[in-house]
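# Provided below are the primary sequence and the corresponding predicted coordinates.
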There are 2 protein chains.
Amino acid sequence: MHSFTEENYLKTIYSLAARQDGDEVSTNALAEMTATKAASVSDMLKKLADKQLIHYKKYQGVRLTDEGERLALKIIRRHRLWEVFLVEKLGFGWDEVHSMAEELEHIRSDELVERLDAFLNNPQFDPHGDPIPTVAGEMPATGYRKLSDVMTGERVRIMGVLEHSAEFLQHLVRSGLTLGCEVGMNQISSFDRSVEVQIGPETTLFISYDVARNLLVS
Amino acid sequence: MHSFTEENYLKTIYSLAARQDGDEVSTNALAEMTATKAASVSDMLKKLADKQLIHYKKYQGVRLTDEGERLALKIIRRHRLWEVFLVEKLGFGWDEVHSMAEELEHIRSDELVERLDAFLNNPQFDPHGDPIPTVAGEMPATGYRKLSDVMTGERVRIMGVLEHSAEFLQHLVRSGLTLGCEVGMNQISSFDRSVEVQIGPETTLFISYDVARNLLVS
DNA sequence: ATTATTTTTTAGATAACCCTAAACTTTCGC
DNA sequence: GCGAAAGTTTAGGGTTATCTAAAAAATAAT
């Protein structure tokens, strides 16, 4: 069996790798994400390498092995299913569920997860629009783009977020931006890359680059 | 905050004290229940005493303080609500849920527990007939007796179990004994204290003393 | 009541995970 | 290409929760 801590490292390595276009993940990046120090990460990487969960050469960064990725996707699947439960069944807001799901994802029972999945009617996406890995261990591809990459004149639908902090999510709600919401790209500032989008026939909204690059659309 | 381990000790102390008619709980009994050694228990008791969660005098056994009991009841409340969830919503059998609930009970969010309670329609009893402690920290009294204490000729209803092992629960199911089932006490053996009960007009069932003393009735 | 047995506690170790400080690689800037 | 800066690993410790073995206290037995 694997400890909570090991599971968290695997999940974090997966997320960082995905975010960084498949590159190898650095010790410092892991230290920052796990809120620990680089020295502690080094220790743990040695342990994970011994268990064949990561490919690790000193000073060279890490990459998950197939087995490591399988485990990471399992944890992420649990996390996202619990988030759906918390929002759909218990009525929590999408900005409130992350830390609870961080704990629930470590409950060790495959049977529980599969029954939860059925109870929730096999959802494909979590409340933030993230795809839920399959039981088989596949991460569904979405093909979403960042709102910051959309061209003037395009009309797109908001499908997900890259940033999951409560602050960011609450900011979206206050701006009137929700998942499924359709927006038209009116213009992109060449100065600060902020964008102006059209919501409904009458309403326009200014979105900073920092927000736009964290919004996924299709 | 308190560690998983501390929470487990508090819960165990509460359960053992309740089972033993309110007596003080012994180090060895705790060691057996927590599947550790007496030496480890001694260490932990010192720590819990430092935190004012138990009354502890060396060699004299332990008793929960008010704060310790409050915490123990909180954990038990969580445990029993999660058991209801697993059985009622996910369709698990009452013999399958204990170990999952042992993990779920440590999820740290009062809000989560209260929303779960509402989602389950404020159940009063868990799938084993155990009363669910209130938010206020009260353990509801049930007034149940053991089947082994019922007199010949009495007619009673099975309301709960004292033993929660999967083996025992499965044995009950195989015997046709379920919660809510009405039985009449036909006779009690003076030799081995086993009992013969009437289930429905035509069926009688022999129950060993070991089973009868673990069945709660009203 | 004095010894024998059981129970409990202390002493000393270990494993997991984290830390700081120091040493060692790699990378960057010129 | 070489020194400085940045990034990473090792060395040496600390904490929590566990263990075994041995000592101490309480209980039981004669």
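In hand now; what should we look at?
# and chain A, which of its residues are near DNA strand C?
Proximity of chain A to DNA strand C, by Cβ under 7 Å from any atom of the strand, involves residues A:3-6, A:34-37, A:39-40, A:43-44, A:47, A:59. Where C-beta positions appear, they are placed from N, C-alpha and C, glycine not excepted.
# Quick check: the residue nearest to residue A:188 when sequence neighbours are not counted vs residue B:71, distance?
Distances taken as Cβ to Cβ, 6 or more residues apart in numbering or on different chains place residue A:195 nearest to residue A:188, at 5.1 Å, with adjacent residues excluded. Per Cβ to Cβ, to the nearest Å, residue A:195 is found 51 Å from residue B:71.
# With residue A:40 instead?
In this view, residue A:40 and residue B:71 are 30 Å apart by Cβ to Cβ.
# Compare those two (neighbour count), which wins?
residue B:71 (21 against 14; other Cβ atoms under 10 Å in any protein chain shown).
# From the residues of chain A next to DNA strand C, pick the one nearest residue A:103.
Residue A:103 has its nearest neighbour among those in residue A:4, at 8.9 Å by Cβ to Cβ.
# Find me the pLDDT at the residue nearest to that closest one when sequence neighbours are not counted, would you?
Spatial nearest neighbour of residue A:4, excluding adjacent residues (Cβ to Cβ, 6+ apart): residue A:106 at 5.0 Å. Looking at residue A:106, its pLDDT stands at 96.
# Can you tell me what sits against the longest helix along chain A?
Taking DSSP state H as the criterion, chain A has its longest helix at helix A:66-84. Outside helix A:66-84, the residues that touch it by Cβ atoms under 8 Å, 6 or more residues apart in numbering or on different chains are A:2, A:7, A:10-11, A:13-15, A:48, A:52-54, A:64, A:94, A:97-98, A:100-102, A:104-107, A:113, A:116-117, A:120, A:123, A:125-128, A:130, A:132-135, A:137-139.
# Only the buried subset of those residues, as a PyMOL command please.
Selecting only the buried entries of the contacts of helix A:66-84 in PyMOL, with 16 or more other Cβ atoms under 10 Å in any protein chain shown as the criterion:
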select buried, chain A and resi 2+7+10+11+13+14+48+53+54+64+94+97+98+100+101+102+104+105+106+107+113+116+117+123+125+126+127+128+130+132+133+139
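# Now, the contacts of helix A:66-84 that are in strands?
A:54, A:64 (DSSP state E).
# among the contacts of helix A:66-84, which are in helices?
Using DSSP H, the contacts of helix A:66-84 in helices are A:7, A:10-11, A:13-15, A:48, A:98, A:100-102, A:104, A:113, A:116-117.
# who in chain A is up against chain B?
A:86, A:89-92, A:99-100, A:103-104, A:106-109, A:111-112, A:115-116, A:119 (Cβ under 8 Å from any Cβ of the partner chain).
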